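Undergrad: test case, fold it:
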Amino acid sequence: MKPDPKALLDRLIALEADLAQLVTVNDRTTLGELKTLLKQQQATTSENPKQTVLDILDRFLALDHYDQPGFPPLAPFKQQVRQFRTQVENATESNLPPDANEVLSGKHIVTQLLKAVEEGDRLTDAQWSSLQANLVKVLGQAISIAASRGKLYVAPKTAQPSAPTPKPAAASQDLLMWGDVTEKAAQPSSASTDDEPLIVFGAKSLGMENQLSGTEALNVLVHIQGLGDRQFGAREYAGTRGQSKSLQGFQISFASPIAGLNIEYLAHLAGVGDTPWMSSGQYVGTRGENRNLEGFAVRLTGAKASQYSVCYSAHVQNIGDTPVYADGQFCGTRGKSLRVEGLRVWVQAKG
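TA: All right, here's what the predicted structure looks like:
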C-alpha cells in the first residue's frame, strides 16, 4: 500500500516544527547535516545539562560590540544573567531552576540573542523576523539593531575582563528576565536608592536614536538582497556598502506615535517605476523578485507636519553617498539601472 502523500506532508510539517525548537535548519540543510546537528544537540543536553546552561550563560556574558566595547545597553541584562548563573551553579543536577529548561530548549531570550549573533547569516527571513520581534520586546531596540547589523560578537574567553561582583538583589525582587513578570515584581522596590533598579522588559528606552537630541525615534526596516529583512533606527545606515547588494524594499514608522504627524514614502523600482505613496508602517517594494530599489522619497503629513522635517540620504551604485534630501524630494536615480544599497532617514523638529 502506497503512503498517503497528504499524511506524509502533515507529518513532515509537524516534524519541521519540532526540529525548529532544537536546531536551525533551512531549505539548504542536507539530511547528513541535520543528523550531525541533532547528535550535537543530544550530546550537549543529555550528558551534562547544568554545564550546558552555564556555558550558554557564559557566552551571553561574553557578548560585546565591535564598535562600542562594553556596549551599555547589554550591561543591565548581563547583571541579571550573572545572578541567574549563580543560582544555576549552586543548584544540583536534579534540581535546576525552571528557566534552565527554557535556556536548554532555545526558547529563552538569552539563547535567542546568541542565535541571532552566532547564526545570523544562516537564518531564514521568517526566523529573523520572529527573533527580532522577541529581541525588541524583551531587550530593547538598541540590542536588536546591533544584532541585526552583525555588530555583536562573543568575545574569546581570554579576552573577557573579570566581571564585577554583582550587588545582591533584595529578597522581595524578582529577576524579570527569568519567568513571568508578576505583579509583585512590577511593584516599586523597598530597597535603598543605591540598589540597581528592576529592569522592565519591553521598554523602548534603550533605542540608540533616542540619544540624539531633537531626533524622533523611528523603526526602519529594509529588505537587503540575499540577506532579507533587517531593522534599524533613526540616522542608522540601513544597508550595505561594497557588497553589490541592493535594497529591494523598506518601511518606516515612528517608534511611538506622534499626534498630528504621519510619515509617507514612495519607491522607484526597477521595471516598475514610482509606486504610490505608502503610509507609516506599510512595506513598499518587493521580496525575492531581485527587483532593485533605485530611488525613493519621504514626506510628512498631518496637522503638525509643518513643525518637523524628514531628512534622508542613500548610497547608490557607482555614485556613492548622495546629499541629504528632505520633505518629499526624490533621492536616487530613475531609468539608469543603478541600485540603492543603503539609506538613512530621520525626523527632527524645526528650529
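Undergrad: put the alpha carbons of stretch 273-293 into PDB.
TA: Extracted C-alpha coordinates of stretch 273-293, given in PDB (Å, rounded to 0.1, in the frame of the first residue of the first chain):
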ATOM      1  CA  GLY A 273       8.700  52.900 -11.800                       C
ATOM      2  CA  ASP A 274       7.300  55.000  -9.000                       C
ATOM      3  CA  THR A 275       5.000  53.300  -6.500                       C
ATOM      4  CA  PRO A 276       2.100  55.100  -4.900                       C
ATOM      5  CA  TRP A 277       2.700  56.900  -1.600                       C
ATOM      6  CA  MET A 278       2.600  54.500   1.300                       C
ATOM      7  CA  SER A 279       1.700  55.300   4.800                       C
ATOM      8  CA  SER A 280       3.700  54.700   8.000                       C
ATOM      9  CA  GLY A 281       4.400  51.000   8.700                       C
ATOM     10  CA  GLN A 282       3.500  49.800   5.200                       C
ATOM     11  CA  TYR A 283       6.100  47.900   3.200                       C
ATOM     12  CA  VAL A 284       7.000  49.300  -0.200                       C
ATOM     13  CA  GLY A 285       8.900  47.300  -2.700                       C
ATOM     14  CA  THR A 286       9.300  43.500  -3.300                       C
ATOM     15  CA  ARG A 287      10.800  40.500  -1.700                       C
ATOM     16  CA  GLY A 288      12.500  37.700  -3.500                       C
ATOM     17  CA  GLU A 289      12.000  39.100  -7.000                       C
ATOM     18  CA  ASN A 290      15.500  40.600  -7.500                       C
ATOM     19  CA  ARG A 291      13.800  43.900  -8.300                       C
ATOM     20  CA  ASN A 292      16.100  46.700  -7.200                       C
ATOM     21  CA  LEU A 293      15.200  49.900  -5.400                       C
END
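Undergrad: now that stretch: average pLDDT?
TA: Taken as a whole, stretch 273-293 has an average pLDDT of 94.
Undergrad: K151 against D64, yeah?
TA: No. K151 lies out of contact with D64 (Cβ atoms under 8 Å); the separation is 9.5 Å. Glycine gets a C-beta too; all of them are placed from N, C-alpha and C.
Undergrad: quick one: the strands in the stretch 101-250 of the chain, in order.
TA: 152-154, 218-224, 228-232, 238-239, 247-254 (DSSP state E, counting those that start in this stretch).
Undergrad: now the ones you listed as a markdown table including mean pLDDT, distance to L12 and mean neighbour count?
TA: Listed next are those as a markdown table, based on pLDDT from 0 to 100; distance: least, Cβ to Cβ, whole Å; neighbours: other Cβ atoms under 10 Å:
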| stretch | mean pLDDT | distance to L12 | mean neighbour count |
| --- | --- | --- | --- |
| strand 152-154 | 90 | 34 | 17 |
| strand 218-224 | 92 | 28 | 22 |
| strand 228-232 | 87 | 24 | 22 |
| strand 238-239 | 90 | 36 | 24 |
| strand 247-254 | 95 | 30 | 22 |
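Undergrad: which one of those strands lies closest to W346?
TA: Among those, strand 218-224 comes nearest to W346, with 6.8 Å by Cβ to Cβ.
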